[in-house]
Structure formats: structure tokens, C-alpha cells
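# Fold the following for me, if possible:
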Amino acid sequence: MIAPAPHAPAGASWYVVQTRHLCEMRAAQELANQGFEAFLPRYLRKRRHARKVSLVAAPLFPGYLFVSLDPARQRWRSINGTYGVARLIAGEDGPVPVADGIVGGLKTRVNAQGYIAMSQRPSFVPGEAIRIRSGSFAETLGLFEGFRDQDRVTVLLELLGGKVRVVLDENLVEKAA
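Okay, here's the model as predicted:
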């Protein structure tokens with residue numbers, strides 16, 4: 001999270017800024033330097049490297065951040081020229097605001113360290129039907145088999161006329177409705 005600007009305008013709303021690849025922090029800092037209130041929600045993600053697992057800060061929405069502004073009073077077009085910013089999400093009539101409560105809801109989940117508190121491990125029962133949310137097998141239904149390690153699950157999928165065991169990140173699966 002980036003420190004708020006010294007004074008946010010009275011009629012300000014939140015808008016989405018698309019950033020350049022891996023430039024979320026830099027873009028948020030540059031926007032704050034220009035007097036805009038920028039909010040970059042981040043969480044602690046597990047990273048595996050050389051048999052070590054460590055926690056690293058990662059953007060909750062990679063490639064995006066939020067900025068508070070009043071388009072009627074502030075020079076919002078300067079956001080597009082900010083270092084690290086690809087563009088401010090806008091339509092024909094100007095910037096498109098984020099629905100009320102979205103950013104406020106995210107801010108309430110920020111813990112004392114400045115990160116979004118992520119939910120705990122899902123509670124699946126072996127044999128339970130689950131759906132894969134994204135990736136190569138998106139929207140595929142399978143059966144939960146078990147937890148593989150810290151954050152991966154084993155799923156049985158019906159593929160090619162048989163059951164195939166697949167190991168996926170636990171964030172990619174959800175209970176089937």
C-alpha cells in the first residue's frame with residue numbers, strides 16, 4: 001500500500017490504472033508524488049526457489065492499481081504520462097469509476113503490515129466435486145483427492161476416457177456448485 005496523498009479531493013472516486021509490466025510499485029509511488037492517492041493492494045505470496053520457500057509481497061491484481069481523483073477538478077490525463085503507467089481505464093466520456101465499496105472493502109482487509117489478509121486453506125473433503133477456476137483446465141470439474149504440500153492440491157479429472165491425476169495450486173480450485 002502506498003501512503004495517501006496529502007489531500008484527497010472532496011468529490012473523488014476510485015479509478016483503475018493499468019501499469020506497465022512489473023511496475024505497479026513504481027507507478028503507485030509516482031502517482032503519490034504527483035498528489036494523487038494511490039492504492040496498490042498487495043498480499044504475501046509463497047515463492048519456491050532452490051528448495052526454499054519464502055514469502056514475497058505481490059500485487060493482488062498484477063498490472064493494476066487504484067487511484068482516487070475527481071476528474072472535474074484534477075488533471076487526470078497526466079496519469080497516462082506517469083512513469084510505470086500504461087493507461088487510466090477510461091471510456092468515451094472519461095475515466096470509468098470503480099463501483100462504490102470495492103476499494104473500501106479491500107482497505108478493510110489490510111493488516112498491520114500493510115498486506116491484504118488472504119483466506120486460509122480451503123476445506124475440501126476427499127472425493128468432493130471441485131471446479132478449476134483458471135488455467136489450462138478452466139471450468140473443468142474434478143474430484144478432490146488430497147493436499148500435496150503447502151499450497152498444492154491433487155485432483156482427479158476425467159480425461160481421454162480415464163481418470164488423470166493433476167496437481168494444481170490450491171488457489172485455482174473451488175467447490176463445485
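# Regarding residue 77, what are the backbone dihedral angles?
Main-chain dihedrals, residue 77, degrees, to the nearest 10: phi -70, psi -20.
# Could you report the neighbour count for it?
12 (other Cβ atoms under 10 Å). From N, CA and C alone the C-beta is placed, and that goes for glycine too.
# For residue 89, see how far away it is.
Plainly put, residue 77 is 13 Å away from residue 89 if you go by Cβ to Cβ, to the nearest Å.
# the helices in the protein, which residues?
Taking DSSP state H as the test, the helices found in the chain are 24-33, 102-108.
# Same list (these) but as JSON lines, adding mean pLDDT, mean neighbour count and distance to residue 82.
Formatted as JSON lines, the helices of the chain follow (pLDDT from 0 to 100; neighbours: other Cβ atoms under 10 Å; distance: least, Cβ to Cβ, whole Å):
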{"stretch": "helix 24-33", "mean pLDDT": "97", "mean neighbour count": "21", "distance to residue 82": "5"}
{"stretch": "helix 102-108", "mean pLDDT": "92", "mean neighbour count": "13", "distance to residue 82": "19"}
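# In CSV: these, plus distance to residue 143.
Formatted as CSV, the helices of the chain follow (distance: least, Cβ to Cβ, whole Å):
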stretch, distance to residue 143
helix 24-33, 37
helix 102-108, 33
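# between the ones you listed, which one is nearest to residue 64?
Closest approach to residue 64 among the helices of the chain is made by helix 24-33 (7.5 Å; Cβ to Cβ).
# What's the mean pLDDT across stretch 166-177?
Stretch 166-177 shows a mean pLDDT of 83.
# end to end, how far does that stretch reach?
21 Å (Cα to Cα, to the nearest Å).
# Isn't residue 68 up against residue 36?
Yes: under the criterion of Cβ atoms under 8 Å, residue 68 makes contact with residue 36 at 6.9 Å.
# And the two? Which one has more around it.
Neighbours were counted for residue 68 and for residue 36 using other Cβ under 10 Å; residue 36 has more, 25 against 20.
# Return the backbone torsion pair for that one.
Dihedral pair for residue 36: phi -90, psi 150, per degrees, to the nearest 10.
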